[in-house]
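Q: quick one, what's the 3D model for this:
(one chain, ligands or ions: 2)
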Amino acid sequence: MRRKTMNATPQYFALIPAAGVGARMAAGCPKQYLPLLGRPMLGHTVDAFLRCRHIAHTYVVVSAGDAYIDDVLPAQTPGMTVLRCGGATRMESIRNGLRLIAADIDPQDRVLVHDAARPGLTPALIDTLIDAAGTDPAGGLLALPVVDTVKTTRGGSVATTPRDGLWLAQTPQMFPYALLLRALEEAPDPAAITDDASAVEMLGFSPRLVEGHPRNLKVTLPGDVRIAEMYLTMDSV
Ligand SMILES: Nc1ccn([C@@H]2O[C@H](COP(=O)(O)OP(=O)(O)OP(=O)(O)O)[C@@H](O)[C@H]2O)c(=O)n1
Ligand SMILES: C[C@](O)(CO)[C@H](O)COP(=O)(O)O
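A: Ligands and ions are numbered 1, 2, ... in the order given. Here you go, the predicted model:
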């Protein structure tokens, strides 16, 4: 692992939660290990960070009993460390990972949390996020402006919500290490939090939204696998 230094400018670290079971995918293995173009999804995801010049080190959080990771990401892979500290929820996995790397990272270094299930990320998209929000004390995240008309069904009847100002949050979501850890430690109802930015927003911060790309979709349902493969065959953005 990297030695801690006291740098005036932040360094950038990736933390990839990969301890989910993929219940909605309902495949024979956790979805992060499904083959995409013949390579496990997690391999594609980690590769984007290993190829990005901004990233000092990449941490991958898996569950303690993960039986696949050693074949997919050899322990001696330069620039990467596997942490076997996954929790019951995405937020717990991230918080456990942040706690484990405390000795290797300065409070103002930035952590880019990225779903293992978003294999379409590219080094160029990581650069875009860091260039736009890399020194913002509130952090930032990739997101897509909503382009469809938005309907809600809460309360039993269908209604339409104005789409202006609505965004779909992607990952990476990037924050100063100390701020993100505090946000996850202090979140009043961690089970209700679906992304890291919302925990930071609860502390009164306003993370910057940086336009992402559809290729950075979250592979969630069986039909997403072919879409992800299609993007992986296309030129990088
Ligand atoms: N306890 C958990 C749950 C999720 N994740 C990770 O968080 C990311 C986003 O979660 P999601 O897409 O919901 O993955 P799963 O939880 O595996 O899927 P599902 O909700 O369908 O079970 C994934 O990379 C997943 O591996 C995690 O590290 N620890
Ligand atoms: C973090 C996230 O990918 C942003 O869109 C999303 O909220 C994760 O949701 P999931 O239900 O854990 O897949």
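Q: okay, and the beta partners of residue 174?
A: residue 112, residue 140 (DSSP bridges).
Q: dump the residue contacts of it.
A: Under the criterion of CB atoms under 8 Å, 6 or more residues apart in numbering, the contact list for residue 174 reads 12, 110, 111, 112, 113, 129, 130, 133, 134, 139, 140, 141. Glycine gets a C-beta too; all of them are placed from N, C-alpha and C.
Q: tell me the secondary structure at the residue in the chain positioned nearest to ligand 1.
A: Among the residues of the chain, residue 20 lies closest to ligand 1, at 2.1 Å counting by CB to the nearest ligand atom. With DSSP: H, G, I helix; E, B strand; the rest coil as the basis, residue 20 sits in coil.
Q: please identify the helix or strand for the spatially closest residue to residue 87 that is not a sequence neighbour.
A: Beyond its immediate neighbours in the sequence, the residue positioned closest to residue 87 (CB to CB, 6 or more residues apart in numbering) is residue 93, lying 4.8 Å away. In the assignment (DSSP states H and E), residue 93 maps to helix 90-100.
Q: and ligand 2, is that helix touching that?
A: Yes: among the residues of helix 90-100, residue 90 lie within reach of ligand 2 under CB under 6 Å from any ligand atom.
Q: elements contacting that helix?
A: strand 12-17, strand 55-61, strand 80-83, helix 177-186, helix 196-201 (3 or more CB pairs under 8 Å, 6 or more residues apart in numbering; DSSP states H and E).
Q: just give me the neighbour total for residue 232.
A: Counted by other CB atoms under 10 Å, the residues lying close to residue 232 total 17.
Q: what about it, which SS state?
A: Under the three-state scheme (three-state DSSP), the conformation of residue 232 reads as helix.
Q: could we number from 351 for the rest of this?
A: Happy to do that; since the first residue is 351 now, the last one works out to residue 582.
Q: show the pLDDT at the nearest residue to it once chain neighbours are set aside.
A: Distance criterion CB to CB, 6+ apart; nearest residue to residue 582, sequence neighbours excluded, is residue 387 at 5.5 Å. What the model reports for residue 387 is a pLDDT of 98.
Q: run a quick check on residue 387 versus residue 584, I expect a contact.
A: No: when contacts are counted by CB atoms under 8 Å, residue 387 is not listed as touching residue 584 (11.5 Å).
Q: tell me the secondary structure at residue 493.
A: Residue 493 ends up strand, using three-state DSSP.
Q: let me fix that: residue 572
A: Assigned by three-state DSSP, the conformation of residue 572 is coil.
Q: burial count for the residue lying closest to it once chain neighbours are set aside?
A: The shortest distance from residue 572 to any residue other than its chain neighbours is 6.2 Å, reached at residue 375 (CB to CB, 6+ apart). Other residues near residue 375 number 20, with proximity taken as other CB under 10 Å.
Q: again, but for the one 4 residues further on
A: Residue crowding around residue 379 was assessed by other CB under 10 Å; the count is 14.
Q: tell me the contacts of the residue nearest to residue 437?
A: With CB under 8 Å, 6+ apart as the criterion, the residues that contact residue 443 are 367, 369, 370, 411, 435, 436, 437.
Q: dump those residues to JSON lines, plus neighbour count.
A: Formatted as JSON lines, the contacts of residue 443 follow (neighbours: other CB atoms under 10 Å):
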{"residue": "367", "neighbour count": "29"}
{"residue": "369", "neighbour count": "29"}
{"residue": "370", "neighbour count": "20"}
{"residue": "411", "neighbour count": "28"}
{"residue": "435", "neighbour count": "20"}
{"residue": "436", "neighbour count": "23"}
{"residue": "437", "neighbour count": "18"}
